[in-house]
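K.L.:
Okay, here's the prediction I keep looking at, along with the sequence it came from:
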Amino acid sequence: MQAFRTRCDQAVAQDAATQAYVWQLEQAYDATGDETPRPHRDDAFNPEQLMHELENFLRQEREGRAE
């Protein structure tokens, strides 16, 4: 799981807009405290697939700004 987090951190670090968005999400989460129920982890959760989707999203965002 640590390797997954490291890869996510590296992907986010490459894009300032994504960094700002993640920071906003973290602030909103921190503001709710422990009173917000956490979603149940689905057994079908696939961190590798999520990482692949995140990389594709960031690539598309970067290519969209290059035009």
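P.N.:
The structure has been received and is ready for your questions.
K.L.:
which residues in this protein form strands?
P.N.:
Counting by DSSP state E, the chain yields no residue ranges for strands.
K.L.:
thought Met19 was touching Asp9?
P.N.:
No Met there; residue 19 is Gln. No: in this structure Gln19 lies outside contact range of Asp9 using C-beta atoms under 8 Å: 10.1 Å. In short, each C-beta sits where N, CA and C put it, glycine included.
K.L.:
List the contacts of Gln14.
P.N.:
The neighbourhood of Gln14, defined by C-beta atoms under 8 Å, 6 or more residues apart in numbering, consists of Leu58.
K.L.:
how deep is the residue nearest to Leu54 when sequence neighbours are not counted tucked in, by neighbour count?
P.N.:
Leaving aside its chain neighbours, Leu54 sits nearest to Ala11 (5.7 Å; criterion: C-beta to C-beta, 6 or more residues apart in numbering). For Ala11, the number of neighbouring residues by other C-beta atoms under 10 Å comes to 16.
K.L.:
pretty sure Ala11 contacts Phe57?
P.N.:
No: no contact is recorded between Ala11 and Phe57 when judged using C-beta under 8 Å, the distance being 9.1 Å.
K.L.:
Which strands or helices does the longest helix anywhere in the chain pack on?
P.N.:
Once the chain is assigned using DSSP state H, the helix that runs over the most residues is helix 47-66. Here helix 47-66 touches helix 2-13, helix 16-32, going by 3 or more C-beta pairs under 8 Å, 6 or more residues apart in numbering; DSSP states H and E.
K.L.:
show me the contacts for the residue nearest to Leu54.
P.N.:
With the criterion set at C-beta under 8 Å, 6+ apart, Ala11 makes contact with 18, 51, 54-55, 58.
K.L.:
run the last query once more with 7 Å
P.N.:
Under the criterion of C-beta atoms under 7 Å, 6 or more residues apart in numbering, the contact partners of Ala11 comprise 54-55, 58.
K.L.:
Just the buried ones from those, in PyMOL syntax?
P.N.:
For the buried members of the contacts of Ala11, the matching PyMOL selection, counting by 16 or more other C-beta atoms under 10 Å, is:
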select buried, resi 58
